[in-house]
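Novice: sequence and predicted structure, then a few things I'm wondering about:
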Amino acid sequence: MAPMTEAGEDMYGLVERLYPLCRSITGDGVRATLEIVGEYVPLQVHEVPTGTQVLDWTVPQEWNIRDAYIADAAGNRVVDFAASSLHVLGYSVPVAATMTLDELRPHLHTLPEHPDWVPYRTSYYKPDWGFCLAQQTLDALPDGDYEVRIDSTLADGHLTYAEHVVPGRVTDEVIVSCHTCHPSLANDNLAGIAVATHLARALAEQQPYYTYRFIFAPGTVGAITWLARNAERVARVKHGLVLACAGDPGSLTYKRSRRGNAEIDQVMRHVLGVSERPHRITGFTPYGYDERQYCSPGFDLGVGSLSRTPYAGYPEYHNSADNLDFVSPAAMADTLAVCREAVAVLDRNRRYVNLSPYGEPQLGRRGLYDALGGRSDTKQAQMAMLWVLSLADGEHSLLDIAERADLPFDAVATAADALEGAGLIKA
Amino acid sequence: MAPMTEAGEDMYGLVERLYPLCRSITGDGVRATLEIVGEYVPLQVHEVPTGTQVLDWTVPQEWNIRDAYIADAAGNRVVDFAASSLHVLGYSVPVAATMTLDELRPHLHTLPEHPDWVPYRTSYYKPDWGFCLAQQTLDALPDGDYEVRIDSTLADGHLTYAEHVVPGRVTDEVIVSCHTCHPSLANDNLAGIAVATHLARALAEQQPYYTYRFIFAPGTVGAITWLARNAERVARVKHGLVLACAGDPGSLTYKRSRRGNAEIDQVMRHVLGVSERPHRITGFTPYGYDERQYCSPGFDLGVGSLSRTPYAGYPEYHNSADNLDFVSPAAMADTLAVCREAVAVLDRNRRYVNLSPYGEPQLGRRGLYDALGGRSDTKQAQMAMLWVLSLADGEHSLLDIAERADLPFDAVATAADALEGAGLIKA
Amino acid sequence: MAPMTEAGEDMYGLVERLYPLCRSITGDGVRATLEIVGEYVPLQVHEVPTGTQVLDWTVPQEWNIRDAYIADAAGNRVVDFAASSLHVLGYSVPVAATMTLDELRPHLHTLPEHPDWVPYRTSYYKPDWGFCLAQQTLDALPDGDYEVRIDSTLADGHLTYAEHVVPGRVTDEVIVSCHTCHPSLANDNLAGIAVATHLARALAEQQPYYTYRFIFAPGTVGAITWLARNAERVARVKHGLVLACAGDPGSLTYKRSRRGNAEIDQVMRHVLGVSERPHRITGFTPYGYDERQYCSPGFDLGVGSLSRTPYAGYPEYHNSADNLDFVSPAAMADTLAVCREAVAVLDRNRRYVNLSPYGEPQLGRRGLYDALGGRSDTKQAQMAMLWVLSLADGEHSLLDIAERADLPFDAVATAADALEGAGLIKA
């Protein structure tokens, strides 16, 4: 419990550091984010030039912003980007003008149903500018002239994403992907970035079977860029998880891959099921986070998505209420714990072939009964060995066997290790 | 609603005209029936000579009847074919004799449990003669001599059936088949004939995708004759419906094809399911109407059967209570409406392949977001496009996609049209 | 009912004769058992020498025992093998010593939770000796010296098993296997031996379709020996049943083969289902009786296991309470009856091909309607013929057809006979 609490606090600390930065699908806010993440795990950062063709898309111009505000006639900033990166419409073109409130109104975005919240809005592919503010702020503005200023640039530059790789015993890969493009929104997706970072650190302490690749990239165009630049690697990606909304108070949600019965789907269902955590498992939909890209039919990867409250499923979604109070160390620690439990199963889940399939092999003369511990453990370990021998036909995975036998995965995997050690099965 | 009410009245008018005729598996009653149907839709009438080998069967002799009666000693006709075609056993050989009531009794058929109803009986393949009458009529007959007369002929001639074809954009066919061999029985099967006729008229107003072939033929031997004479065409028959008992007050019943999972089975289940009509879906059985022949294992066509109350499922089945009061314009209009809804789905239900399957294609730059209407429609249309792109793998039909996405079929088909127009998918 | 009652009494008589004998996996007790069984059905007895390699195992030394006891200082036998074969640990090495009660204790086995029951224990593969006794007997023993004597021999010899074959019309085989290695335990497995013996006698009175092979062999190593010596025959074993615990008061339990959907699994489910007997059907587990060997993945035979209360599922399991009072003629007669019902289905259950699959063949002209009996029978027989014609595609067995049509298996098999006689289908 203690290490998980510690991990929770560490992750929360990372979220706090990242929260003020103004991220978008390109720009220096993303670079600053990756620099901080890189203090936790070494990152390989990629810069892809504007105009690069990536699958059906083109890398857009890079957006950077230094300042933005609306000031009243007295020069007071009534809306100020310095107070929150949410105040400016993402990808706003530069503006420097004075206009009446009525002229300004079409560029102002509010949430009338939550008058004290500031919404999050972007306009990536249609040139536009705007401000997001609380309805109550807007309501308090007197008519009159306002100075409007957005000191941004949209220019050829780069799209920035990063990778961290934990090498495994095989080159087959598991990808863990999280989007890095949202500005000051804590759950969506600083919590996902924090959980991915700490999962990478935990994996680094062991030599896993699979090679685990962590992808930190802007949503949609970032995942598409990664896929475009990794056409050959994709064939080695056997499993994957998209992490998003990983820190809110809701219970866990696993969204299946497009295949619906990929190994990751079985692993997540199993791990959540035996954990007795409240949780939901939902079918794939072609909407949500970057599982949309990884599961597009040409790739159709075995990639699911783990969230707490899912995409767009909470009032705080995409507005200023998704702040540092909305996420907690405990929730992120819980998400991380499930990720680690899933990795522990996935990484040991293999298919074996019984090398002595005609009748039962005589376990006693190989010391496989003696090797066992206490009495009730013995019974479970013996049953696990018999089940592995019975179903090790190259078709059933150890998780298939555990579920069929209604035995803990760990007991089955331990039995498989013992049987492999005795030369009775091979992977 | 108005056109359907009008269609209901039109269909009822057709049933009224056909009701008095004495139909059987051959003979002039069938020809007169097809002549009347031919006033509604042009028919190609086929005459197949007696003795023609059709699959395992042989076209029988043609039966015609001019008059039949039982007259008492005073010369009063106590049972008279002129009053109802049901009074004579179908395919009765000619008789002209005087006999006592006791001698006559073995040739008299009644329904003791419904003493005022006249049963319908035939003896196609075993030479016999007889009369059908109400039990109460029989009970009132005094002993004594009766004149018995059946002025019929059984002679070499022809079996008569007809087809009407609505040409489509492809030569793949949908057959709609109904039996024409029952005499004065309204639900079984004048209502089926009427619904098929009006479905043909409705299809003629559009150019459907499939070619629709309507078959009007006597039960069993007629369907067998059609199959025998269309051995090569059968390979082009992709779907089909047998229409029977289409006008009674009961709710709709769809009986699956022998395959059980043919496309027509899915379409009918879907259409009945989303319609919120009370209905029943039953498994295939090798009994009933001509689906028996179309689904025989050598053909195994994707042909189901649509009825209201199914085969032999109502007390009025095969007796004089299946009369013009038992069927209604509204019931036939309802059956026709479901047929049209099914055709609307079946005719647009195709499998597409995503031509841009690696990642999502950028819909915005193709104007596929702009093309959309109001806000809530937009969301559904956008989801429909994403679902089609996700599942357009040549395996999933549009109906599969609609059911998986829980979206209206029409929204999915419209999305597919838009995506095909943009060159993103192809059939 | 009478013959079954008689069979029950006969089986009980056999159990009574076998009960006193001291059986083990080898030795004269097994031979004496087979000699008695051989009075009921002729047996082919096999003797396999010690040291013979059988699959992964080696035939062990032969164990024989003449006497064993613990005597107190006064020379009274406080535990005496002559009273029950359970009193000695199976495969005990010889002992002749005097020792204190405390020295003796590690060799004494009791059931503290049932203080008046004597447990059954063995040590086949680890040289050891010991006594089994009631806890209350042990509690009554005063401290002091005891004479301990086991007059046994462990020496090269043979493993003994037997077969009885009922020849069928084909050489494909059904095996019925029961273990013969347990000493004075009535349900486990003298009842199984008795039911197998009487099933063999019942089959001998008819010429079955399959060849039925009854195997009487010690558990585990006996089945392994049979498999090792019948490597070529195994390919001809199409179905099988392991009989065990066949006489207790509980309801019937069928444990599926490893395949889970083998024909025997379907037959047993069907027979138990239509019988309206209370029963349980359980999935395969790699524990229990010799289905473990027959269903090991290299063989993976379609062999299930029929018991009343299953393996280890009753308090009397493997102790002196599994005695002649625990089994009854009625329970064994019931088990036998289910076996015979299963054999009646299995033996007629074949796949046919419709030779006239295009449209329905005209049954009337072949006299297949005339051949039928009373009216309601006629309807069922006619439906059975139509269903067989519809599904006789080489894929569906007669039992598949019966279950799909919801008709009695016998009606379907009779219809198939009639259709085969008319040349309309062939196996």
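Specialist: Received, thanks. Just so it is clear, the structure is predicted and the values come from calculations on it, not from any experiment.
Novice: who in the stretch 251-400 of chain A is up against chain C?
Specialist: For the stretch 251-400 of chain A, the contact set with chain C under Cβ under 8 Å from any Cβ of the partner chain comprises A:354, A:356-362, A:364-365, A:383, A:386-387, A:389-393. C-beta: built from backbone N, CA, C; applies to glycine.
Novice: now, of those residues, which are buried?
Specialist: Neighbour counting with 16 or more other Cβ atoms under 10 Å in any protein chain shown marks A:354, A:356-362, A:383, A:386-387, A:389-392 as buried within these.
Novice: in those, find the pair that's most separated.
Specialist: Using Cβ to Cβ, the two most remote members of those are A:358 and A:383, lying 20.7 Å apart.
Novice: ok, residue A:286 touching residue B:385?
Specialist: No: in this structure residue A:286 lies outside contact range of residue B:385 using Cβ atoms under 8 Å: 9.0 Å.
Novice: so which elements touch the helix or strand that residue A:274 is a member of?
Specialist: Using DSSP states H and E, residue A:274 sits in helix A:263-275. Packing partners of helix A:263-275 (3 or more Cβ pairs under 8 Å, 6 or more residues apart in numbering or on different chains; DSSP states H and E): strand A:237-243, strand A:252-255, strand A:279-282, strand A:303-307, helix A:329-346, helix A:398-405.
Novice: now do 10 Å
Specialist: strand A:237-243, strand A:252-255, strand A:279-282, strand A:303-307, helix A:329-346, strand A:393-397, helix A:398-405, helix A:409-421 (3 or more Cβ pairs under 10 Å, 6 or more residues apart in numbering or on different chains; DSSP states H and E).
Novice: which one's more surrounded, residue A:286 and residue B:385?
Specialist: With neighbours defined as other Cβ atoms under 10 Å in any protein chain shown, residue A:286 and residue B:385 compare such that residue B:385 has more, 27 against 20.
Novice: for the more buried one, which non-adjacent residue is closest in space?
Specialist: residue B:415 (4.5 Å; Cβ to Cβ, 6 or more residues apart in numbering or on different chains).
Novice: for chain C, what's its nearest residue on the stretch 301-427 of chain A.
Specialist: residue A:357 (3.3 Å; Cβ to the nearest Cβ).
Novice: oh, that last question was meant for the stretch 101-250 of chain A, not what I typed.
Specialist: Of all residues in the stretch 101-250 of chain A, residue A:209 sits closest to chain C, at 24.7 Å by Cβ to the nearest Cβ.
Novice: quick one: residues contacting residue A:388.
Specialist: Counting by Cβ atoms under 10 Å, 6 or more residues apart in numbering or on different chains, residue A:388 touches A:352, A:354, A:396, A:398, A:401-402, A:405, A:407, A:411-420, A:424-425, C:286.
Novice: just give the number of residues close to residue A:192.
Specialist: 31.
Novice: you'd agree it is up against residue A:217?
Specialist: No: Residue A:192 is beyond contact range of residue A:217, at 11.8 Å (criterion: Cβ atoms under 10 Å).
Novice: please determine how far residue A:265 is located from chain C.
Specialist: As defined by Cβ to the nearest Cβ, to the nearest Å, residue A:265 lies at a distance of 23 Å from chain C.
Novice: rewinding a little: SS state for the residue of the stretch 301-427 of chain A closest to chain C?
Specialist: coil (DSSP: H, G, I helix; E, B strand; the rest coil).
Novice: which ones are touching residue A:305?
Specialist: Residue A:305 makes contact with A:177, A:192, A:240-245, A:253-257, A:264, A:268, A:282, A:284, A:288-292, A:294-295, A:311, according to Cβ under 10 Å, 6+ apart.
Novice: quick check: residue A:421 touching residue A:385?
Specialist: No: the criterion here is Cβ under 10 Å, and residue A:421 misses it with residue A:385 at 11.5 Å.
Novice: give me the common contacts of those two.
Specialist: Common neighbours of residue A:421 and residue A:385, using Cβ under 10 Å, 6+ apart, are residue A:368.
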